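Quick one: sequence and predicted model below, then my questions.
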Amino acid sequence: MGNIFSGSEIVELGIQIEKNGRDFYGALVKQSKNQDAIDIFKFLAAQEEKHIATFQGLLNSTNKYEPPENYQDEYVAYMRSLAAECIFTKEKTGEEIAKRIKNEKEAVIKGIEFEKDSIVFYDGIKKVVPADEQKIIDELILEEQRHLMQLVELKRDLK
């Protein structure tokens, strides 16, 4: 059936999200004038690079894996909906979005949105990786939650 995601396709979407996040934060480093913002954006870009490598490792083990799901069609529809609404699932959107950012506060708000989208999407990814590798996704979710907290703190400081 051509309209369903395989486990590997969903993990590939995770890789794309991380690449766009890396590009987004990398572009913000160049655009920002606030040193606190620059430091956080540099850190987040480096974290996204690490996440790309993590997902690449997961991809190797999910090529033929399909989640044991009683409601496979509903799950696939859910993941399609998440992918369609996630701002960073399309190639090369990270830099494009960063170019439209007018100031650090707007950048932080967009980063918060990105991190929230990532958390929700990665929670869905857990269903397409083997059970023994779900801990890796849980760790990525925890890192994204920490990034979210850092951005919320930075937003508060930028007022």
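Sure thing, it's come through. Residues are numbered from 1 along each chain as shown.

any idea how far residue 17 is from residue 159?
In this structure, residue 17 lies at 29 Å from residue 159, with Cβ to Cβ, to the nearest Å as the measure. Yep, even glycine has a C-beta here, placed from its N, CA and C like the rest.

who's more crowded, the two?
Taking neighbours as other Cβ atoms under 10 Å, residue 17 and residue 159 compare with residue 17 leading, 28 against 5.

my read: the more buried one touches residue 120, true?
No - judged on Cβ atoms under 8 Å, residue 17 makes no contact with residue 120 at a distance of 11.0 Å.

For stretch 51-63, what is the distance to the chain centroid?
Mean-position distance between stretch 51-63 and its chain equals 14 Å (Cα atoms, centre = their mean, to the nearest Å).

Buried residues, it. List them.
Applying a neighbour-count criterion of 16 or more other Cβ atoms under 10 Å, the buried positions in stretch 51-63 are 51, 52, 54, 55, 58, 59, 61, 62.

Give me the local confidence score for residue 157.
Residue 157 is assigned a predicted lDDT (pLDDT) of 90.

Near the closest residue to it other than its chain neighbours, how many other residues are there?
Excluding its sequence neighbours, the residue lying closest to residue 157 (Cβ to Cβ, 6 or more residues apart in numbering) is residue 36, at 6.5 Å. Burial of residue 36 is recorded as 13 neighbouring residues (other Cβ under 10 Å).

Next one: residue 36 from residue 158, what distance?
Here residue 36 is placed at a distance of 8 Å from residue 158 (Cβ to Cβ).

ok, longest helix in the chain?
In the chain, assigned by DSSP state H, the helix with the most residues is helix 35-62.

Against which helices or strands is it packed?
Packing partners of helix 35-62 (3 or more Cβ pairs under 8 Å, 6 or more residues apart in numbering; DSSP states H and E): helix 7-31, helix 104-125, helix 134-157.

got JSON lines for the ones you listed, with distance to residue 44 too?
Converted to JSON lines, the helices and strands packed on helix 35-62 look like this (distance: least, Cβ to Cβ, whole Å):
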{"stretch": "helix 7-31", "distance to residue 44": "4"}
{"stretch": "helix 104-125", "distance to residue 44": "7"}
{"stretch": "helix 134-157", "distance to residue 44": "6"}
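
Out of the ones you listed, indicate the one that is most buried.
helix 7-31 (a mean of 21; mean count of other Cβ atoms under 10 Å).

so the residue nearest to residue 157 touches residue 153, yeah?
No - the pair residue 36 / residue 153 is not scored as a contact, 9.6 Å apart, by Cβ under 8 Å.
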